[in-house]
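Visitor: Sharing a model prediction with you, sequence too.
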Amino acid sequence: MSEQTLPPQHQEQRPGREHRMHPEPVYYSDTYRPAGKLEGRVAIITGADSGIGRAVAIYFAKEGADIVGLYLEEHKDAELTRQEVENAGRQVLMYSGDVDDAALCKRIVDETLERFGRIDVLVNNAGEQHPRKNLEDIPEEQWEKTFRTNIFGMFQLTKAVLPHLKEGASIINTTSVTAYKGSPALLDYSSTKGAITAFTRSLSMNVAPRGIRVNGVAPGPIWTPLIPSTFDEDDVEKFGSNTPMKRPGQPAELAPTYVYLACEDSSYVSGQVLHVNGGTVVNG
């Protein structure tokens with residue numbers, strides 16, 4: 001039986017472009033039934049132009065939240081996210097830049113407060129990966145850059161947002177199944193995701209007395225622009241075939257998890273990581 005799950009494809013440009021993928025990821029499901037779970041809330045989401053970030057922005061907007069999105073420089077993809085949030089009847093601010101820029105993080109927080117007067121949810125989702133066959137193949141510059149984006153950026157934005165969060169606020173960090181089962185070709189990436197998991201657990205205890213919850217989501221193989229822009233055609237063709245469900249997941253299958261963690265349905269949940277990974281048991 002063939003292991004093919006997707007048409008072979010590769011994008012030379014990093015970060016990848018969602019509008020160049022075939023098929024394009026599914027970022028919203030018409031079977032979803034919004035219930036106003038985030039009515040009147042304001043959410044900051046990184047990596048909001050495409051993939052998981054786009055899906056989360058749209059689901060949050062459908063639930064009544066205004067959105068502030070940060071992305072690197074994928075302007076065409078970001079414009080579609082903007083349109084979808086506005087089509088849901090919510091306001092949106094989109095920023096282009098690097099999440100590890102402390103000055104940019106402060107500017108985003110200041111302008112969010114100026115525009116909306118509050119911040120209720122922070123979704124730290126931006127990330128990058130660079131597959132390498134062996135540890136010896138990883139340049140020090142790549143190792144540092146992956147950490148700067150994936151965990152330093154999370155630190156910078158969380159530090160800027162935290163003083164303005166009130167009781168009942170929620171922080172959600174995107175980690176990965178690779179933090180739990182490892183990845184031989186993603187040594188730096190999986191290491192950052194392990195750091196994110198530890199950061200999530202530790203921060204949750206640190207801010208619990210303030211009534212702020214901190215949780216994580218650990219996706220398995222999800223069809224996003226990160227995949228064709230970092231893996232070769234052969235790897236993309238079989239992407240997700242090693243899961244019990246034998247396929248990659250779609251961003252739309254992941255986003256409701258973030259809604260749950262952002263809203264009052266999860267009011268007694270903090271320091272946890274939810275695993276949306278196609279059936280892989282990680283016991284963590």
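Guide: Received, thanks.
Visitor: got a list of what the nearest residue to D100 once chain neighbours are set aside touches?
Guide: Once flanking residues are discounted, D100 sits nearest to G153: 4.1 Å by C-beta to C-beta, 6 or more residues apart in numbering. All C-beta spots, glycine's among them, are computed from the backbone N, C-alpha and C. G153 makes contact with T46, D98, V99, D100, N124, A126, according to C-beta atoms under 8 Å, 6 or more residues apart in numbering.
Visitor: can you rerun that using 7 Å?
Guide: V99, D100, A126 (C-beta atoms under 7 Å, 6 or more residues apart in numbering).
Visitor: Which pLDDT value belongs to it?
Guide: You'll see G153 listed with a pLDDT of 96.
Visitor: Let me know the next secondary structure element after the helix or strand hosting it.
Guide: For G153, the host element (DSSP states H and E) is helix 153-161. Sequence-wise, the next helix or strand downstream of helix 153-161 (DSSP H and E) is strand 170-174.
Visitor: tell me the angle that following strand makes with helix 153-161.
Guide: 170 degrees (axes from the mean of the first three to the mean of the last three C-alpha atoms, to 10 degrees).
Visitor: avg pLDDT for strand 170-174?
Guide: On average, strand 170-174 scores 98.
Visitor: what sits up against that strand?
Guide: The list of residues contacting strand 170-174 from outside it, by C-beta under 7 Å, 6+ apart, reads 52, 121-125, 127, 154, 158, 196, 199-200, 212-217, 219, 258, 261-262.
Visitor: What's the mean pLDDT across stretch 206-224?
Guide: Mean predicted lDDT for stretch 206-224 stands at 98.
Visitor: likewise stretch 272-284?
Guide: On average, stretch 272-284 scores 93.
Visitor: In contact with T200, which residues?
Guide: So T200 contacts N173, T175, V214, N215, G216, V273 (C-beta under 7 Å, 6+ apart).
Visitor: Including distance to Y189 and neighbour count, could the residues you listed go into a markdown table?
Guide: Shown next, in a markdown table, are these (distance: C-beta to C-beta, whole Å; neighbours: other C-beta atoms under 10 Å):
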| residue | distance to Y189 | neighbour count |
| --- | --- | --- |
| N173 | 15 | 25 |
| T175 | 11 | 27 |
| V214 | 22 | 27 |
| N215 | 21 | 23 |
| G216 | 15 | 25 |
| V273 | 17 | 19 |
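Visitor: Can you redo these as TSV, where the extra columns are distance to D77?
Guide: Formatted as TSV, the contacts of T200 follow (distance: C-beta to C-beta, whole Å):
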residue	distance to D77
N173	22
T175	23
V214	28
N215	26
G216	24
V273	27
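Visitor: Among these, which one sits closest to P244?
Guide: Nearest to P244 out of the contacts of T200 is V273 (C-beta to C-beta; 18.8 Å).
Visitor: buried residues in the helix holding G153?
Guide: G153, M154, F155, Q156, L157, T158, A160, V161 (16 or more other C-beta atoms under 10 Å).
Visitor: Correct me if wrong: the second one contacts N124.
Guide: Yes - taking C-beta atoms under 7 Å as the definition, M154 is a contact partner of N124 at 4.3 Å.
Visitor: Next, count neighbours for R17.
Guide: 17 (other C-beta atoms under 10 Å).
Visitor: where do the strands sit along this structure?
Guide: 42-46, 66-71, 92-96, 121-124, 170-174, 213-219, 273-276 (DSSP state E).
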